[in-house]
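S.K.: Next input, structure requested:
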Amino acid sequence: MGCLVSTPNDSGGNRFPKNVGEIMVFVPGLRIPKPVDFVQPLGNGLTKNLIERLSALRTRIVVMAGQEAPRAAKPRRTATQHGGSTLADLQQALEDYLPVLLGLVYNEHNADNKLQHKCQFSWVNQEDDEKETIMSNSWYEVLSVLHLMAMLTLSQANCLLLTKSSTDGYQVSEECRRASIDLLLKAAGYLDFAIRHVLPQFTPELRKDLPLDLAEGVLEALSLQALGQVVDIQLGMAIESIQATLAVKRRLACELLKYWHQAQENIVNLPLANRWGQKHKLFIKWKHNEAEAAAYYYHGLILEEGNTERFRVMAVEALQAADQFLKESNKASKSFNITLPLSRGGAPKEIVKVIRPGKASNFNSQSATLAFLRANYDLIINDEHVWISKAEAR
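M.R.: Presented below is the predicted three-dimensional model:
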């Protein structure tokens with residue numbers, strides 16, 4: 001059993017930056033490790049060389065994470081800026097540390113695992129009201145390391161998506177977009193491993209002691225967020241491609257909505273009351289509304305191609321719904337940006353550019369109302385990520 005010590009949050013310090021600048025990929029701060037003494041609790045159970053290696057690897061992370069945390073929220077940084085304590089360097093330090101850590105705590109042949117409960121691991125939280133959580137459980141350390149690796153990867157993706165490739169406007173190169181997709185998938189992989197393989201190591205009682213930063217719902221929401229932003233980039237590339245059909249764009253829009261809807265479901269009821277937590281919820285709400293606008297928009301365009309009046313009526317209603325969700329998305333975006341820490345949205349997404357308010361007014365519809373849409377036309381996403389109409393089913 002791991003003991004728990006939580007330090008109440010204080011309003012002072014530099015835990016929350018005042019302004020995080022432009023954001024394309026939201027990162028709820030970086031959890032920071034505190035120093036750990038491995039020598040005293042493990043001196044009789046592990047070799048001196050192993051203890052020294054473990055201590056050196058973790059000390060490097062503590063130093064670099066402490067330097068990087070205030071800067072990680074600031075976008076538009078070059079790879080060599082900040083004197084070696086870069087996102088990539090910290091990521092490499094974590095990748096060096098994790099296999100050694102896992103080798104000690106995941107060794108099936110070591111029934112009396114000395115690291116399991118003898119070392120106290122302390123991390124500074126970001127989305128929990130408790131400033132710091134200390135647990136004598138090595139799986140807490142593994143979970144925290146994976147979370148930090150995922151957040152660093154998301155930060156790197158954010159930097160790439162804020163890179164201008166031209167002076168005439170805000171255009172992200174295809175190379176940067178593809179590289180950011182790889183990073184987002186990598187972050188989702190870290191989080192998925194944490195959810196599937198590390199969280200099950202905690203008893204239900206111990207899970208209650210974990211900070212909200214590491215709650216299953218938050219980890220699931222972050223993983224789904226990363227996958228949603230992958231599809232978001234893919235949809236933007238499809239919009240720019242003359243070869244992508246409306247059916248392809250609608251399929252991507254449906255998949256986009258699926259991920260953001262699931263992310264919303266995972267995080268909406270969690271008590272994320274502090275500023276990072278509030279901002280995280282607003283970011284997902286913003287992107288969820290934006291995804292709904294995209295899905296309704298492309299479904300409406302496909303219905304528009306139908307030859308019957310019924311399809312034209314449903315097309316009008318779908319496009320009207322897209323307009324409404326786009327307005328809700330804009331409201332959520334503004335709320336997100338003015339919530340501390342202050343931020344600015346990046347360049348307008350391709351989907352936001354193509355949806356024009358008032359699009360539905362170009363159609364002749366005398367009896368089309370949103371009430372008719374809600375009563376006769378439901379949006380359903382099944383395993384194939386398609387739209388099914390109740391009216392069409394009849």
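
S.K.: Please, where are all the helices along this protein?
M.R.: 39-42, 48-72, 87-105, 114-118, 138-161, 174-193, 204-209, 216-240, 246-267, 275-304, 309-338, 350-354, 370-376, 390-393 (DSSP state H).

S.K.: Low-confidence bits of this structure, can you list those?
M.R.: For the chain, the stretches with pLDDT under 70 are 1-16, 45, 70-85, 106-115, 164-170, 346-351, 353, 355-394.

S.K.: Distance-wise, check the closest residue to residue 280 other than its chain neighbours relative to residue 277.
M.R.: Sequence neighbours aside, residue 28 is the residue nearest to residue 280 in space, at 4.9 Å (criterion: CB to CB, 6 or more residues apart in numbering). Using the backbone N, CA and C atoms, a C-beta is placed for each residue, glycine as well. Plainly put, residue 28 is 7 Å away from residue 277 if you go by CB to CB, to the nearest Å.

S.K.: any common contacting residues for these two?
M.R.: residue 127 (CB atoms under 8 Å, 6 or more residues apart in numbering).

S.K.: picking that back up, nearest to residue 21, of the helices of the chain?
M.R.: helix 138-161 (9.9 Å; CB to CB).

S.K.: ok so, going back, can I get the helices of the chain in JSON lines including distance to residue 130?
M.R.: Output for those, formatted as JSON lines (distance: least, CB to CB, whole Å):
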{"stretch": "helix 39-42", "distance to residue 130": "24"}
{"stretch": "helix 48-72", "distance to residue 130": "17"}
{"stretch": "helix 87-105", "distance to residue 130": "23"}
{"stretch": "helix 114-118", "distance to residue 130": "21"}
{"stretch": "helix 138-161", "distance to residue 130": "14"}
{"stretch": "helix 174-193", "distance to residue 130": "21"}
{"stretch": "helix 204-209", "distance to residue 130": "10"}
{"stretch": "helix 216-240", "distance to residue 130": "14"}
{"stretch": "helix 246-267", "distance to residue 130": "18"}
{"stretch": "helix 275-304", "distance to residue 130": "12"}
{"stretch": "helix 309-338", "distance to residue 130": "24"}
{"stretch": "helix 350-354", "distance to residue 130": "38"}
{"stretch": "helix 370-376", "distance to residue 130": "43"}
{"stretch": "helix 390-393", "distance to residue 130": "47"}
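
S.K.: Using a markdown table, please lay out the ones you listed together with distance to residue 19 and mean neighbour count.
M.R.: Listed next are the helices of the chain as a markdown table, based on distance: least, CB to CB, whole Å; neighbours: other CB atoms under 10 Å:
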| stretch | distance to residue 19 | mean neighbour count |
| --- | --- | --- |
| helix 39-42 | 41 | 15 |
| helix 48-72 | 12 | 17 |
| helix 87-105 | 19 | 17 |
| helix 114-118 | 40 | 17 |
| helix 138-161 | 15 | 24 |
| helix 174-193 | 23 | 19 |
| helix 204-209 | 33 | 12 |
| helix 216-240 | 22 | 22 |
| helix 246-267 | 24 | 21 |
| helix 275-304 | 12 | 24 |
| helix 309-338 | 10 | 20 |
| helix 350-354 | 23 | 17 |
| helix 370-376 | 39 | 13 |
| helix 390-393 | 47 | 12 |
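
S.K.: Show the contacting residues for residue 140.
M.R.: So residue 140 contacts 2, 121, 123, 133, 210, 214 (CB under 8 Å, 6+ apart).

S.K.: Also residue 118?
M.R.: Here residue 118 is in contact with 41, 42, 136 (CB under 8 Å, 6+ apart).

S.K.: Might you quantify the distance of stretch 316-334 from its chain's geometric centre?
M.R.: 22 Å (CA atoms, centre = their mean, to the nearest Å).

S.K.: could you measure the closest residue to residue 187 other than its chain neighbours against residue 341, distance?
M.R.: In this structure, residue 187 finds its nearest non-sequential neighbour in residue 153, 4.0 Å apart by CB to CB, 6+ apart. From residue 153 across to residue 341, the span is 21 Å (CB to CB).

S.K.: coming back round to it: what would the contacts of residue 118 look like in TSV with distance to residue 261?
M.R.: TSV is the format used below for the contacts of residue 118 (distance: CB to CB, whole Å):
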residue	distance to residue 261
41	45
42	46
136	38
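
S.K.: from those, which is closest to residue 255?
M.R.: Of the contacts of residue 118, the one sitting nearest to residue 255 (CB to CB) turns out to be residue 136, at 42.2 Å.

S.K.: number of nearby residues for that closest one?
M.R.: Residue 136 has 17 neighbouring residues, counting by other CB atoms under 10 Å.
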